[in-house]
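Asks: I would like the atomic coordinates for the input below:
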Amino acid sequence: MVTADLGPLTAFYRAIGFDIGKTAPISAAEMAVLELDGVGSRRSIALGETRVDLDCFDQRGRQYPDGATAADLLFQHLALVTDDAHRVWRRAQNAGATPISRGEPVTLPQSSGGVTTIKFRDPEGHPLELLEFPRGSNSAWVGSGIMGIDHSAISVTDIATSRRFYEGLGLTQGKRTLNRGPTQVALDGLDDVEVGVLAMNPTDVPPHLELLGYRHPVGRSHEPFAANDLAATRIFWHSTRDALLRDPDGHLLQLIR
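Replies: This is a model prediction of the structure:
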């Protein structure tokens, strides 16, 4: 994730339970792959075996667009697993989070996973989601507080097109649901929501990728991101080459050797 200021954003993630690593410079070779001038620095933050890098550049990019919603095609969130969504949400609020969802965490119907969940933004606008699985339903997660990253979800124009793109990168199709109703309305903070959700799984899960195809409201498009824009969250992929890719809706992917 891109940050305008490493210090305050690191403090937020430390407050909600991440382990904070050291800061290191981003190499000139990687800056060239990102198509950026100037210099950058990176601080790793971790939950168990899952890791997020916070990247900061001396040449700052654009802020999150005003009024961006969960349906808009720039949307990409990290879903964080917790044993108590209400408690962690209060901790996040105290640390500076702002809600996307309406009200407190909601419990989705079984057809949509039966999880207790809430969506919100960190102090710089990056979207996050808390997931509390029904007790005993998911043996992959054991512990307290925030335990790890379950998935990253991206809004897409067409699920079938995005599915083919990510299958080309080696992911396989997983569970598919159609989410709607009052709890989905509360979760997304949008009226009359209807969204198709398709899980795309790597060889080792979690984390995985979720494709969000909003039938209503239809997500708005965006100008292509530069890699230093705050909304330019990108997923790293182990590869035989170094490259920066864009999926059909402009979400950034970085291949690394």
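
Asks: Now do N228 against G40, distance only.
Replies: According to C-beta to C-beta, to the nearest Å, N228 and G40 sit 8 Å apart. In this view, the C-beta of every residue, glycine as well, is placed from N, C-alpha and C.

Asks: neighbour count winner among the two?
Replies: Taking other C-beta atoms under 10 Å, N228 and G40 do not tie; N228 has more neighbours (23 against 20).

Asks: Please give me every residue in contact with the more buried one.
Replies: V2, L34, L36, G40, F57, Q59, R60, G61 (C-beta atoms under 8 Å, 6 or more residues apart in numbering).

Asks: what secondary structure does the third one sit in?
Replies: In terms of secondary structure, L36 is coil; the call rests on DSSP: H, G, I helix; E, B strand; the rest coil.

Asks: Is the residue positioned nearest the centre of the chain bridged to anything, and to what?
Replies: Taking C-alpha atoms, centre = their mean, the centroid of the chain lies closest to H77, which sits 2.2 Å from it. The partner list for H77 in beta bridges (DSSP bridges) reads A153.

Asks: which ones are touching it?
Replies: Taking C-beta under 8 Å, 6+ apart, we find H77 in contact with K119, H126, P127, L128, E129, S152, A153.

Asks: which secondary structure elements does the host helix or strand of the fourth one contact?
Replies: So that's L128. Using DSSP states H and E, L128 maps to strand 127-132. Under the contact definition 3 or more C-beta pairs under 8 Å, 6 or more residues apart in numbering; DSSP states H and E, strand 127-132 sits against strand 76-82, helix 85-94, strand 116-121, strand 146-155.

Asks: residues in contact with whichever strand or helix holds K22?
Replies: Per DSSP H and E: K22 is located in strand 19-25. Surrounding strand 19-25, the residues in contact under the criterion C-beta under 8 Å, 6+ apart are 6, 10, 13-14, 39-47.

Asks: got the CA positions of that strand in PDB?
Replies: The C-alpha trace of strand 19-25 is given here as PDB (Å, rounded to 0.1, in the frame of the first residue of the first chain):
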ATOM      1  CA  ASP A  19       3.900  -6.200  14.000                       C
ATOM      2  CA  ILE A  20       6.100  -3.500  12.600                       C
ATOM      3  CA  GLY A  21       9.300  -4.200  10.700                       C
ATOM      4  CA  LYS A  22      12.200  -2.000   9.700                       C
ATOM      5  CA  THR A  23      12.300   0.700   7.000                       C
ATOM      6  CA  ALA A  24      14.500   0.200   4.000                       C
ATOM      7  CA  PRO A  25      15.100   2.000   0.700                       C
END
